[in-house]
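got a sequence here, can you model it:
(chains A and B)
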Amino acid sequence: MICHPSCISNSKEVHMTSFTTFYLSRIIGRKVYDANGKVIGIVKDLLILFHQASQTFERPVVIGIKIRKGKHYGIYSFHHFDIEKIRGKLRVSCSQLVELPQDTLNEGLFLADIILDKQIVDLNGRKLVRVNDVRLVSVSRSTHAIAVDIGIEGLLRRIGISKQLKWLLSLVKISMPSKFILWEDVEAVDFSNLNIKLSKSYSKLQTLHPSDLADIIEELGKKSSADVFSALDEEQAADVMEELEPDAQLHLIETLPVAKVADVLEKMPADEVADILDALEDDKAELLLNEMESDSSDEVRELLEYPQNTVGSIMFTDVLSFKQNNTVEDVIRELRNRKPEASELYNLFVTNEHEELIAAFSLRDLVVAEPGSRIEQIMSPSPVCLYDDQELDEVAEVISKYSMLAIPVVDNNSVLQGMVLIDDVVEDLINKRRTNK
Amino acid sequence: MLRHKHFFRRIGLFLVILGPGIITGSVDNDAGGITTYSVAGAVYGYNLLWTLIPSFIVLIVIQEMNARMGIVTGKGLADLIRENAGVKITFFIFGGLYLADIGNTTTEFAGIAGSMEIFGISKYISVPVMGFLVWILVVKGTYKFAERLFLIFSVSLLTYVVSAIMGNPRWSEIGRAIIRPQFEMNTQSLAMIIGIVGTTIAPWMLFYMQSSVIEKGLKMKNYKYTIIDILVGCVATVVVAFFIIVACASTLHVNGIHINEAKDAALALKPMAGELASAVFAFGLFVASVFSATILPLATAFYVCEAFGFEAGIDKKWDEAREFYVLYTFILVLAMVIILIPNAPLIFISLWSQVINGLLLPVVLLCMILLVNNKKIMGPYVNKPLNNMIGWSTIIILIGLSFTLLILPLFNR
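The predicted structure is shown next:
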């Protein structure tokens, strides 16, 4: 949710609890006063506690503060610090300096170092945005980060001309556009300036569609894209990998450990894997194939044998085939057990004892039929089928002519090999269009 | 088991990678560059040819750093500067870049207007028509196609070799001028030298180079090819510059003809080197100007957006990337309007955009060399001592030159 500053308002007094809202950029560089009003240092950064389970709606609490005293830097517990606004100016005071232990430091993130000026994911806008400032709130005992500022006002505030410009604009009755995103709607992803590797789960990112996630990963720098990708679970990683552009796929495959890549590839449809491996150097491809489970890698190897531009090279090999004397109930039970991917259900096939294709039926045929009826009663001969060594050029026409989601592919002995999915045909067409441009 | 395509892959790889450096090299010789080289040749003859040698070395060193940063981080230079140098420096650099590039784009349109006038087409026709074509090319998303088309066309820049040879240059004098550099210490020749170095290494090119490297998705293992690409690009840049200077030196300088614009050079070549040489010169100027007029405003808008975190890209809709389209259109339209105003202060504009360029370059280079030496960012690929030595001396010399250029006018009064 992008919200107007009024909902993260400036007002100080609400009922009994008093709170102060302030910007990160305004507190950095402020002097810190001790109980006697003596200056003890200058604020350099704030440390927030980094929750492993960031799905909770709790806003990250500030646990530490980095202060410069002369030439020395120290990181202290924020517990003994107080921030108040006096006539519009922030005043930072401190009752006691307690250094933070190292293990607390490791659980925290420095706002200015890791968040400010970096790109973060806006979960609602499903894109990367750049952080111009961070808005914090200080309530009686604790201080929290509540929102990131990605608007022009934040930029101008950083340059130091926001107030003046606001005043000028107010003369002509224009308000400065400002854009905030609440903390729960963002996920920090760029830790490339960090020396240590953060054990971080990007749990919020899992709510994104794989295709949006792929777009975001493509835009990230090399280090962060590999970090984010390797934090995904295998299923999601496989979905994202499928959606990535070839360049990004190659980068990840070359950066991540072979075992991890092989695990992800196993979860992907064999035709997509074959496409990816095809672009790799032969040694690397062979290494990955050997690392994969043999039932997945065998399928991929078969596909790799097909020359490019033939039906075989883009066909989907996870097809579901049944016998004509199966009942509808058998088939549905089988489907429930196997829990196939959506695309496997585009078209269902019937084969004889030699695995030769006889007919096809759709999920719709299956659902509307009586549970006891046999498949031979609902199946119909496939209007068209392709040969695996056929040229790709004609496929688009065929698929649109018969308005099918998937066309069966057989070899020269009529044995069912797989099917060509409309998704892959469309992708192929788009790629061709792109290279012709 | 995998397909037999080693041979084709190798060639393909080379052609694919052979890109960023060569494209950058060709954009480098834009209208501003051609003007500077022509004037240098006409005024100083062969005397300033030697400046191309240090320019060449610096160009290679800087572009190699750009390429390495792009390959290692996968981030644009604008991103890196924003993330590591903070908002204020970013604001200075990109504010300056935007202003300078308005001036540079104006120079490109001056090049279009000038070259078409040689062929008898009024600027009131050529500028709006070409401006519209450029806009269509970009907005219709055929920008990549345009880039490749121009790349082929930019081979026509080599026709300057033809122009130069038609002017019967004296090779022995050229050799002597390069081996034993002559240098008069005065404002004009110093400004000219800064002009030559500055037009060869323009600040926006550094951003452009790094973005092209990322766009091509280059890897560290293709580093060898990348270096070849950069070398070829730099050689092309310097060879074209060399022949433009030679063409103007052996015709205009010998006859004592002084010029202010690249167009004047094309016109003046006619009686001395023939109609063809003049037309060839004008055509080269036209191609270079259109090429840069397409890329420059777009690239500038893009880097400004990248640095400030606005959405950018020609695949975005107007509402999604309003700042980007406004920034882009503003440069293009303003540059065209300035050219179409009768008696527009073109020399003043190109002078000021050169001054801003001169101020920006050391700042951008300083950011670059700090970034490329930062272990957090570059890991094991930080600069080697030799890179740093050349890099730092370049920065120091450039700061010295820019500073001198800025204060010299004070002494002249």
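
quick check: phi and psi at the residue in the stretch 51-200 of chain A positioned nearest to chain B.
Per Cβ to the nearest Cβ, the residue of the stretch 51-200 of chain A with the smallest distance to chain B is A:R130, at 2.5 Å. All C-beta spots, glycine's among them, are computed from the backbone N, C-alpha and C. When quoted as degrees, to the nearest 10, the phi and psi of A:R130 stand at phi -100, psi 140.

wait, it sits on A:Q119?
Yes - in this structure A:R130 lies within contact range of A:Q119 using Cβ atoms under 8 Å: 5.5 Å.

what do the two both touch?
When contacts are counted by Cβ atoms under 8 Å, 6 or more residues apart in numbering or on different chains, A:R130 and A:Q119 have B:G309 as shared neighbours.

now do the contacts for the residue of the stretch 51-200 of chain A closest to chain B.
Neighbouring residues of A:R130 by Cβ under 8 Å, 6+ apart: A:117-120, A:150, B:82, B:308-309.

cool, and A:I115?
By Cβ under 8 Å, 6+ apart, A:I115 lies in contact with A:109, A:131, A:134, A:148, A:188.

same deal with A:S343?
Contacts of A:S343 by Cβ under 8 Å, 6+ apart are A:269, A:316, A:406, A:421, A:423.

show me which residues of the stretch 301-437 of chain A sit near chain B.
Those residues of the stretch 301-437 of chain A that sit near chain B, judged by Cβ under 8 Å from any Cβ of the partner chain, are A:301, A:304-305, A:307-308, A:437.

hmm, who's touching stretch A:145-152?
With Cβ under 8 Å, 6+ apart as the test, stretch A:145-152 has contacts from A:3, A:8, A:21, A:23, A:48, A:59-60, A:62, A:111, A:115, A:120, A:122, A:129-137, A:157, A:176-183, A:186, B:309.

mind pulling up the pLDDT for the closest residue to chain A within the stretch 101-250 of chain B?
At 3.4 Å from chain A, B:G217 is the closest residue in the stretch 101-250 of chain B, using Cβ to the nearest Cβ. pLDDT for B:G217: 77.

let's verify it: helix, strand, or coil?
State at B:G217, reduced to three classes by DSSP: H, G, I helix; E, B strand; the rest coil: coil.

hmm, back to that, report the buried members of the residues of the stretch 301-437 of chain A next to chain B.
Listed as buried from those are A:301, A:304; burial here means 16 or more other Cβ atoms under 10 Å in any protein chain shown.

out of the residues of the stretch 301-437 of chain A next to chain B, who's nearest chain B?
Out of those, the member with the shortest distance to chain B (by Cβ to the nearest Cβ) is A:K437, at 4.9 Å.

which residue packs closest to residue 357, ignoring adjacent ones?
Picking chain A for this. If the residues on either side of it in the chain are set aside, A:L357 comes closest to A:L416, at 4.5 Å by Cβ to Cβ, 6 or more residues apart in numbering or on different chains.

wrong chain, I was asking about chain B
Using Cβ to Cβ, 6+ apart, the nearest residue to B:N357 is B:A100, at 5.0 Å.

how far away is that neighbour from chain A?
The gap separating B:A100 from chain A is 19 Å, by Cβ to the nearest Cβ, to the nearest Å.

what's the neighbour count on that residue?
Close neighbours of B:A100, defined as other Cβ atoms under 10 Å in any protein chain shown, add up to 24.

ranges for the helices of the stretch 201-350 of chain B?
Secondary structure of the stretch 201-350 of chain B (DSSP state H, counting those that start in this stretch): helices located at B:203-215, B:223-248, B:262-273, B:275-308, B:322-340, B:346-372.

can you flag the weakest of those helices by average pLDDT?
helix B:262-273 (a mean of 80).

buried ones in that helix, by neighbour count?
When burial is assessed from 16+ other Cβ under 10 Å, helix B:262-273 yields the following buried residues: B:262-270, B:272-273.

show me how far that helix is from its chain's centre.
On the basis of Cα atoms, centre = their mean, to the nearest Å, helix B:262-273 sits 23 Å off its chain's mean C-alpha point.

now do stretch B:383-402
In terms of Cα atoms, centre = their mean, the centre of stretch B:383-402 is found 20 Å from the chain centre.

can you check stretch A:121-135 too?
Relative to its parent chain, stretch A:121-135 has a centroid offset of 14 Å by Cα atoms, centre = their mean.

hang on, the earlier thing: which of the contacts of A:S343 fall within helices?
When DSSP state H is applied, the contacts of A:S343 are split such that A:D423 fall in helices.

between the contacts of A:S343, which is nearest chain B?
A:P269 (19.0 Å).

just checking, the closest one touches A:V319?
No - taking Cβ under 8 Å as the contact criterion, A:P269 and A:V319 are not neighbours in contact, 11.0 Å apart.

neighbour count for these two, which is higher?
Taking other Cβ under 10 Å, A:P269 and A:V319 do not tie; A:P269 has more neighbours (25 against 21).

burial count for the residue nearest to that one when sequence neighbours are not counted?
Counting by Cβ to Cβ, 6+ apart, the nearest residue to A:P269 once its immediate chain neighbours are dropped is A:F316, at 5.7 Å. When counting by other Cβ under 10 Å, one arrives at 23 neighbours for A:F316.

which bits of the stretch 251-400 of chain B sit near chain A?
Residues of the stretch 251-400 of chain B lying near chain A (Cβ under 8 Å from any Cβ): B:308-309, B:311, B:376-377.

how about 6 Å then?
B:309, B:376 (Cβ under 6 Å from any Cβ of the partner chain).

for the stretch 251-400 of chain B, which residue gets nearest to chain A?
When scored by Cβ to the nearest Cβ, the stretch 251-400 of chain B has B:G309 as its residue closest to chain A, at 2.5 Å.

pLDDT wise, what is that residue at?
Per-residue pLDDT puts B:G309 at 85.

residues contacting it?
Contact partners of B:G309, counting by Cβ atoms under 6 Å, 6 or more residues apart in numbering or on different chains, are A:R130.

give me phi/psi at it?
The main-chain torsion angles of B:G309 are listed as degrees, to the nearest 10 and equal phi 80, psi 20.

measure it to B:D101 for me?
Separation of B:G309 from B:D101 (Cβ to Cβ, to the nearest Å): 20 Å.
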